[in-house]
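Student: following is a predicted model, sequence given first.
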Amino acid sequence: MTGPKSDPMTGPTTGPDRPTRTAKPRKHLMTPGQVRPQPARSMSLSAVQKWVMSTLAVSTLLHMAVGLVFAAYYVDERSSKIGLLVIAGAFGLISMASGLLIHRKSLVHPMMLLGLLPPLAGAWWIFG
């Protein structure tokens with residue numbers, strides 16, 4: 001008797017009683033000719049450029065403000081210390097304003113107060 005082959009656990013594997021299965025496409029593999037769907041939350045190139053540019057501008061100018069605070073610490077005259085802290089505050093405000101302007105936000109924003117953080121912390125460190 002040479003009938004269809006059978007598996008003792010699942011029954012016949014080929015033959016008229018059991019249809020042949022087609023392989024399911026594997027989703028983790030690339031299928032030629034089919035476009036992969038894009039993730040739902042992807043940023044455009046211009047949005048990424050804005051974030052990179054604003055991060056570089058704010059961090060560079062805040063480093064300048066912190067550097068002026070350190071310079072004020074090592075200056076001997078009190079009036080020069082105050083002057084360097086005022087300039088550090090100006091650089092801090094300019095840094096926050098540049099980040100907001102790159103993103104086209106209003107300059108009347110709570111983030112502007114972060115620009116005053118280096119000179120206020122410096123004044124506490126130097127005079128406190």
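Tutor: Right, received. Where do you want to start?

Student: gap between the spatially most central residue of the chain and residue 58?
Tutor: Centroid-nearest residue in the chain, with Cα atoms, centre = their mean: residue 51, separated by 7.5 Å. Using Cβ to Cβ, to the nearest Å, we find residue 51 at a distance of 11 Å from residue 58. For the C-beta atoms, the positions are set from N, CA and C on the backbone; glycine is no exception.

Student: what strand or helix carries the residue nearest to the centre of the chain?
Tutor: helix 45-74 (DSSP states H and E).

Student: distance between the helix or strand just after that helix and the chain's centre?
Tutor: Once helix 45-74 ends, the next helix or strand along the chain (criterion: DSSP H and E) is helix 78-102. On the basis of Cα atoms, centre = their mean, to the nearest Å, helix 78-102 is displaced by 25 Å from the centre of the chain it belongs to.

Student: average pLDDT across helix 78-102?
Tutor: What helix 78-102 shows for mean pLDDT is 97.

Student: alpha carbons of the next helix or strand after it, as PDB, please.
Tutor: Per DSSP H and E, helix 78-102 leads on to helix 117-127 as the next helix or strand towards the C-terminus. C-alpha atoms of helix 117-127 as PDB (Å, rounded to 0.1, in the frame of the first residue of the first chain):
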ATOM      1  CA  LEU A 117      20.900  81.000  35.500                       C
ATOM      2  CA  PRO A 118      24.700  81.300  34.900                       C
ATOM      3  CA  PRO A 119      25.100  84.800  36.200                       C
ATOM      4  CA  LEU A 120      22.800  84.300  39.200                       C
ATOM      5  CA  ALA A 121      24.600  81.100  40.200                       C
ATOM      6  CA  GLY A 122      27.900  82.900  39.600                       C
ATOM      7  CA  ALA A 123      26.900  85.800  41.800                       C
ATOM      8  CA  TRP A 124      25.900  83.400  44.600                       C
ATOM      9  CA  TRP A 125      29.200  81.600  44.100                       C
ATOM     10  CA  ILE A 126      31.400  84.700  44.000                       C
ATOM     11  CA  PHE A 127      29.700  87.000  46.600                       C
END
